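Compute the structure for the input listed below.
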Amino acid sequence: MTETTYLPGVIDTLQDLVTKEVHIGVQGDEETAMIAGIHEYGSLKAGIPARSFVGTGKKKAQAPISKTVKAGVIELVTGNLSAKDLLQQIGDVGLSRVVKNFDKLRTPPLSPIYAKRKGNKKILHDEETLRDSLTSVVVSKGGRRR
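Next comes the predicted model:
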């Protein structure tokens, strides 16, 4: 390394990256939040089992996100990508996996009575508003949006 190295710029770029994080989840009004919470964690009182779509989707996104991060950090250090763009890519990959998980959720099955009343056995099928409320946002560490 010499005095003409780009190390200070690389450190600044990485600092931009480590001061922010990506949040993937549901964003909407109180009713949407309540529906999402009941589906994600279940409700003993209402007899609804947990059907985690965010948590399990994020787990399924770990490998693709790792791949995106590895490739993105190289691009970041070489100056071909900004920290903001890398974080957005991470959010996009994670969100796509959560949505895919939402669409494929099959367990636990609906109760036979509810499935008959509903007219199909698809879980979360009638929750288009819930699906549309899935989002990813880049925030400063500590939870504040940027």
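
Assign a three-state SS to residue 56, would you?
Here residue 56 is recorded as helix under DSSP: H, G, I helix; E, B strand; the rest coil.

Wait, it touches residue 100, no?
No - with contact defined as C-beta atoms under 8 Å, residue 56 and residue 100 do not form a contacting pair (10.9 Å). For glycine as for every other residue, the C-beta is placed from the backbone atoms N, C-alpha and C.

who's more crowded, those two?
Neighbours were counted for residue 56 and for residue 100 using other C-beta atoms under 10 Å; residue 56 has more, 17 against 14.

give the contact list for the more buried one.
residue 101 (C-beta atoms under 8 Å, 6 or more residues apart in numbering).

What residues of stretch 100-109 count as buried?
Using 16 or more other C-beta atoms under 10 Å as the test for burial, stretch 100-109 gives 101, 102, 105.

just curious, which of the residues you listed is nearest to residue 130?
Ranked by distance to residue 130 (C-beta to C-beta), these are led by residue 102 at 7.9 Å.

so how far is residue 36 from that closest one?
For residue 102, the distance to residue 36 (C-beta to C-beta, to the nearest Å) stands at 10 Å.

who touches both of the two?
Residues touching both residue 102 and residue 36 (C-beta under 8 Å, 6+ apart): residue 130.

What mean pLDDT does stretch 95-112 get?
For stretch 95-112, mean pLDDT is 81.

where do the helices sit along the protein?
Applying DSSP state H to the chain gives helices spanning 7-18, 30-41, 54-77, 83-104, 112-118, 128-132.
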